[in-house]
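Visitor: Coordinates for the following, if possible.
(2 chains)
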2 protein chains.
Amino acid sequence: MAFARIIAVMKFCSICGSDRIEYRIPEGDSLPRHVCIGCGVVHYQNPKVVVGCLPEWEERVLLCRRAIEPRRGLWTVPAGFLENGETVVAGAARETLEEASARVEVLSPYTMISLPHISQVYLIFRARLLDLDFAPGAESLEVRLYDEHEIPWEELAFRTVTRTLRNYFLDRKTGAFPTRVSTLERKARGTAPAALR
Amino acid sequence: MAFARIIAVMKFCSICGSDRIEYRIPEGDSLPRHVCIGCGVVHYQNPKVVVGCLPEWEERVLLCRRAIEPRRGLWTVPAGFLENGETVVAGAARETLEEASARVEVLSPYTMISLPHISQVYLIFRARLLDLDFAPGAESLEVRLYDEHEIPWEELAFRTVTRTLRNYFLDRKTGAFPTRVSTLERKARGTAPAALR
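Guide: Prediction:
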């Protein structure tokens, strides 16, 4: 994912240019929206989907060390925003190609994590690396395979990554990988060390 | 889902009001975006998530007959756009309450259907009805339970609903309901009858 996504206060209507934007509940609706008093259009805002892969090669998984903010220098699975016109599987494979130059067979949806405080939904798929010709993409400093005992738990970039990897190594003991649905709320101040999250 | 979502051409910057909007690939990006030449902001647009439930009661499933366009008068599972600040499970339960006045226990993600031509992702969950006190919400004409042999296949509102129900009755034979990932492309002209889709 290359760019921070600005969720800005809407000051002008993108359709008619009016500055008469009110944040109120449209008739027949139940939630407040940005409504243009000039042309009447309702500007909906909805959550974004982050798609990615947990690529496997035998007993190891592929992680990328981020070359960009946020969390530059920390490790993540390849993942980023789903684009318009794209399927979730195509998006997960694209991000893996972009960030790790890696080709995968996308297997099945694994973690589905809601982050309501930032209006995002993570969909991380299990995937099988097709070859070992991976390399850092423009957004990665380093890409490598990790055995379970080597995972840098204290240097993971996001809680979604920690949770996905923890689920994965637990599920691997049984060999069953159901889609795991969960929520991550806003992080409290004074959180536990990463290893306990 | 109460309102059509307008994916409009962006004519004005919603941040600074400038009409100098170009649709081009920002530096370092790989896809064209609406970029404001006035203030430099990049206006990203991303797919929307539709969440819903397939509510079960013993051998039957709950469907709603739509009171609103599109597809007024046809049958659907309760579903609608995920809202900012909401988890996927909360959204699926909310839509079920709004459209069918029904309370459910959301069980597991069932169909995950990408519709790239309209930049939507459907996430339909299996769910268990908690009681039989359901009733049409403002967006439904009628709500009822259907046995498999009663499903109005020719009067289903959306292909996502047809696919979800077909998968469901097939999977019910084995009792295993893995998350089923698929894509629905733009419908070709002169399509097969709904029963064959």
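Visitor: Give me the contacts around the helix or strand hosting A:Glu98.
Guide: In this assignment (DSSP states H and E), A:Glu98 forms part of helix A:88-100. The contact list for helix A:88-100 (CB atoms under 8 Å, 6 or more residues apart in numbering or on different chains) reads A:1, A:49, A:51-53, A:55, A:62, A:64, A:78-80, A:82-83, A:86, A:102-104, A:106, A:109, A:123-125, A:127, A:134-140, A:143, B:30, B:112, B:114, B:116, B:121, B:181, B:183. Bear in mind the C-beta positions are built from the backbone N, C-alpha and C, glycine included.
Visitor: need the next SSE after that helix, C-terminal direction.
Guide: strand A:104-115.
Visitor: partners of that next one, with directions?
Guide: Paired neighbours of strand A:104-115 in the sheet (DSSP bridges): strand A:120-129 (antiparallel), strand A:180-183 (parallel).
Visitor: Could you list the low-pLDDT ranges of chain A?
Guide: A:1-8, A:189-197 (pLDDT under 70).
Visitor: Would you mark the buried spots in the longest helix along it?
Guide: For chain A, the helix with the greatest residue count under DSSP state H is helix A:159-174. By 16 or more other CB atoms under 10 Å in any protein chain shown, the buried positions in helix A:159-174 come out as A:Arg159, A:Thr160, A:Val161, A:Thr162, A:Arg163, A:Thr164, A:Leu165, A:Asn167, A:Tyr168.
Visitor: how about that helix, does it reach chain B?
Guide: No. Helix A:159-174 lies out of reach of chain B by CB under 8 Å from any CB of the partner chain, never closer than 13.5 Å.
Visitor: any idea how far that helix is from the chain center?
Guide: Relative to the mean C-alpha coordinate of its chain, helix A:159-174 is positioned 16 Å out (CA atoms, centre = their mean, to the nearest Å).
Visitor: Using the three-state scheme, assign the residue lying farthest from the centre of chain A.
Guide: Largest separation from the mean C-alpha position in chain A: A:Gly38, at 36.2 Å (CA atoms, centre = their mean). Under the three-state scheme (DSSP: H, G, I helix; E, B strand; the rest coil), A:Gly38 adopts coil.
Visitor: Nearest residue to it in space, please, no chain neighbours.
Guide: Once flanking residues are discounted, A:Gly38 sits nearest to A:Ser18: 2.9 Å by CB to CB, 6 or more residues apart in numbering or on different chains.
Visitor: Enumerate every residue touching that neighbour.
Guide: A:Phe12, A:Cys36, A:Ile37, A:Gly38, A:Cys39.
Visitor: And those, which is closest to chain B?
Guide: A:Phe12 (3.9 Å; CB to the nearest CB).
Visitor: For the closest one, list the residues it contacts.
Guide: A:Ser18, A:Asp19, A:Ile21, B:Phe12, B:Cys13, B:Ser14, B:Ile15, B:Cys16, B:Gly17.
Visitor: at 6 Å what do you get?
Guide: A:Asp19, B:Phe12, B:Ser14, B:Gly17 (CB atoms under 6 Å, 6 or more residues apart in numbering or on different chains).
Visitor: how deep is the last one tucked in, by neighbour count?
Guide: Spelled out, it's B:Gly17. 17 (other CB atoms under 10 Å in any protein chain shown).
Visitor: and it, what element?
Guide: Judged by DSSP H and E, B:Gly17 forms part of no helix or strand.
Visitor: Find the nearest non-adjacent residue to it, please.
Guide: Closest residue to B:Gly17 apart from its sequence neighbours, by CB to CB, 6+ apart: A:Phe12 at 3.9 Å.
Visitor: And A:Glu22, by the same measure?
Guide: For A:Glu22, the spatially nearest residue (CB to CB, 6+ apart) is A:Val35, at 5.3 Å.
Visitor: my guess is the one you found is in a helix, correct?
Guide: No. The assignment for A:Val35 by three-state DSSP gives strand, which leaves it out of any helix.
Visitor: what about it, distance to chain B?
Guide: 11 Å (CB to the nearest CB, to the nearest Å).
Visitor: before we move on, what about A:Val104?
Guide: Per CB to the nearest CB, A:Val104 is found 15 Å from chain B.
Visitor: Chain neighbours aside, what residue packs nearest to that residue?
Guide: Using CB to CB, 6+ apart and skipping the chain neighbours, the partner closest in space to A:Val104 is A:Ala127 (3.9 Å).
Visitor: Let me see the contact set for the residue sitting nearest the centre point of chain A.
Guide: With distances taken as CA atoms, centre = their mean, the residue of chain A nearest its centroid is A:Val50 (3.4 Å). By CB under 6 Å, 6+ apart, A:Val50 lies in contact with A:Ala79, A:Phe81, A:Gln120, A:Tyr122.
Visitor: returning to that earlier point: closest one to A:Gln45 among the strands paired with strand A:104-115?
Guide: Taking CB to CB as the criterion, A:Gln45 comes closest to strand A:120-129 out of those, the separation being 12.6 Å.
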